[in-house]
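Colleague: Sequence first, then the predicted structure, then my questions.
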2 protein chains.
Amino acid sequence: MKVKTKDYIVKPDSKVKLKRLNPNDTGKFPDSDEGKQRAYDLLDKQIARLASLQNLLYADGSRALLVVLQALDAAGKDSTIRRVFSGINPQGVRVTSFKAPTPEELEHDFLWRIHRQVPRKGMIGVFNRSHYEDVLVVRVKNFVAKKVWSERYEQINEFEELLTKSGTKIVKFYLHIDKNEQKERFEERLNNPEKNWKFNPGDMEDRKLWSDYEDAFEDVFSKCSSKDAPWYIIPANKKWYRNVIIAQVLIETLESMKLEYPSISYDPSSVEIPD
Amino acid sequence: MKVKTKDYIVKPDSKVKLKRLNPNDTGKFPDSDEGKQRAYDLLDKQIARLASLQNLLYADGSRALLVVLQALDAAGKDSTIRRVFSGINPQGVRVTSFKAPTPEELEHDFLWRIHRQVPRKGMIGVFNRSHYEDVLVVRVKNFVAKKVWSERYEQINEFEELLTKSGTKIVKFYLHIDKNEQKERFEERLNNPEKNWKFNPGDMEDRKLWSDYEDAFEDVFSKCSSKDAPWYIIPANKKWYRNVIIAQVLIETLESMKLEYPSISYDPSSVEIPD
């Protein structure tokens, strides 16, 4: 079963209307138990492939991969990380969850705390939220003036270009769910005693601002998707489909990086191991 | 198949002679293909259990787990991390590999760079090498005077006590192989083109210092194994047995921490999710 990742990429400078994209999309997979099972089987194979590519990235040691995850609450950022990245050697993966900035972070430009967390060579960095919050929640809630946030798209593009030119490949995922799906997931958190610590009553305020967030995301997609650092809009109502598309994008991205085992600076046949 | 972890713990203030401990030990598992298969099956179950305990540690949010791995070259630090921790949500695990200190790190006390990397609450931190290098390689190769390194055992104990009292549980593993096993693993790296980037001709110098390293490790075990931050000496010639003991220690350690899902500060039945 082939997953067509190109269907989900945002072309540079294109306009996106989230309302026109179907969060229930399951591509070529039937939306049934059978389709779901096929996706689970595929994901197992994809994770094995990713584990092997991660090993090569680490060995190669000259490049890095930065994965950015953004979404509205309960869209599945945490569960994507758990499902897609469990199975990969954690020595080669570093997840950073960006929360509300600390007082120290607020005393710097918005990219300062981000820059400190970018992956070193050989590593996969996963950002659970990111610098994009500074043109999303910050914009929607008017934390800074429009004059300030409206300059950030360009600043973000320049920052990402710096990383790209220094050997870091960037891929960015928006997990697209609809309001009804969010409601169901909130209800599940409320009703499951092992999950209700994840429920934050404050998230209800963001839910009321749903269309403001959609507008803000649409601007991000139009202004900040480039060939070298593309945005993907992932239909995410069906978690099993979400996972296989994201895994496939990661595989294709790592494969495109032309990674190689490093050449060695000694002659293996001349090495003597002392007793 | 029960794994008896107590057999491998170093009792506080006891003397250890590594030469008397069998690195080929496989406990109650037969050292055969059948024993190996049983260990693989057990490890799958252990990893599932660890994944669930990690989730609870993360939810609980008041404690942390610090896992220290030390060993001679090729004893399996990297492969332990890959085999035991893959399968756990990487959002809850942060691996730090300590290399030779940078110039900036050398301008501080030896615990400075370590302290910066200890796990925050809710997290599992894995140290691939650690502050113990400062009484191992540093001692064996005379990087500092005896007067300096001999004071470090006490400094390490005080540092670990600080972490313990602040809610971080510490477990420390020494992966015990013998010289012959190391030689075979070096040869495999030399002969396998996908592995020879891992071979470092400089490691031959450390091999010649094998018994000096053993002496240094034995002092570490005697001086720095405590009830709250114990050392385990893991027979590690058989990787499959090494993995199940370590996984079992981690499970028992997390279980002993009395973790709980946090109490919530709202009443789930009174929440209304807006449309």
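Modeller: Noted; the coordinates are in hand.
Colleague: quick one: the helices in chain A?
Modeller: Taking DSSP state H to define them, one finds helices in chain A at A:33-60, A:77-80, A:103-106, A:112-115, A:137-140, A:146-149, A:152-165, A:179-191, A:203-208, A:210-224, A:239-255.
Colleague: CSV please, covering those and showing mean neighbour count and distance to chain B.
Modeller: C-betas here are computed from N, CA, C, even on glycine. Shown next, in CSV, are those (neighbours: other Cβ atoms under 10 Å in any protein chain shown; distance: least, Cβ to the nearest Cβ, whole Å):
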stretch, mean neighbour count, distance to chain B
helix A:33-60, 17, 5
helix A:77-80, 20, 7
helix A:103-106, 11, 15
helix A:112-115, 16, 15
helix A:137-140, 19, 16
helix A:146-149, 12, 26
helix A:152-165, 16, 21
helix A:179-191, 17, 5
helix A:203-208, 14, 6
helix A:210-224, 18, 9
helix A:239-255, 21, 13
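Colleague: Using CSV, please lay out these together with mean pLDDT.
Modeller: Output for these, formatted as CSV (pLDDT from 0 to 100):
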stretch, mean pLDDT
helix A:33-60, 97
helix A:77-80, 98
helix A:103-106, 98
helix A:112-115, 98
helix A:137-140, 98
helix A:146-149, 98
helix A:152-165, 98
helix A:179-191, 95
helix A:203-208, 95
helix A:210-224, 98
helix A:239-255, 98
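Colleague: Output those as TSV; include the columns distance to B:Ile251.
Modeller: Listed next are these as TSV, based on distance: least, Cβ to Cβ, whole Å:
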stretch	distance to B:Ile251
helix A:33-60	23
helix A:77-80	23
helix A:103-106	36
helix A:112-115	35
helix A:137-140	39
helix A:146-149	47
helix A:152-165	39
helix A:179-191	27
helix A:203-208	34
helix A:210-224	41
helix A:239-255	27
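Colleague: so which of these gets nearest B:Ile234?
Modeller: helix A:33-60 (23.6 Å; Cβ to Cβ).
Colleague: what's the offset of that closest one from the middle of its chain?
Modeller: Relative to its chain's centre, helix A:33-60 lies at 16 Å (Cα atoms, centre = their mean, to the nearest Å).
Colleague: Ok, stretch A:71-84 next?
Modeller: 9 Å.
Colleague: Check stretch A:59-75 too.
Modeller: 5 Å.
Colleague: okay, that stretch in CSV with CA atoms only?
Modeller: Coordinates of the C-alpha atoms in stretch A:59-75 are reproduced here as CSV (Å, rounded to 0.1, in the frame of the first residue of the first chain):
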residue,chain,number,x,y,z
ALA,A,59,26.9,7.3,11.5
ASP,A,60,27.1,9.8,8.6
GLY,A,61,27.4,12.5,11.2
SER,A,62,27.3,15.4,8.8
ARG,A,63,23.6,16.2,8.7
ALA,A,64,20.7,16.6,11.0
LEU,A,65,16.9,16.3,10.7
LEU,A,66,14.5,18.6,12.4
VAL,A,67,10.9,17.6,12.7
VAL,A,68,8.4,20.3,13.7
LEU,A,69,4.9,19.3,15.0
GLN,A,70,2.2,21.9,15.4
ALA,A,71,-1.5,21.5,15.9
LEU,A,72,-4.5,22.6,17.9
ASP,A,73,-5.1,20.9,21.3
ALA,A,74,-5.8,17.1,21.3
ALA,A,75,-4.8,16.9,17.6
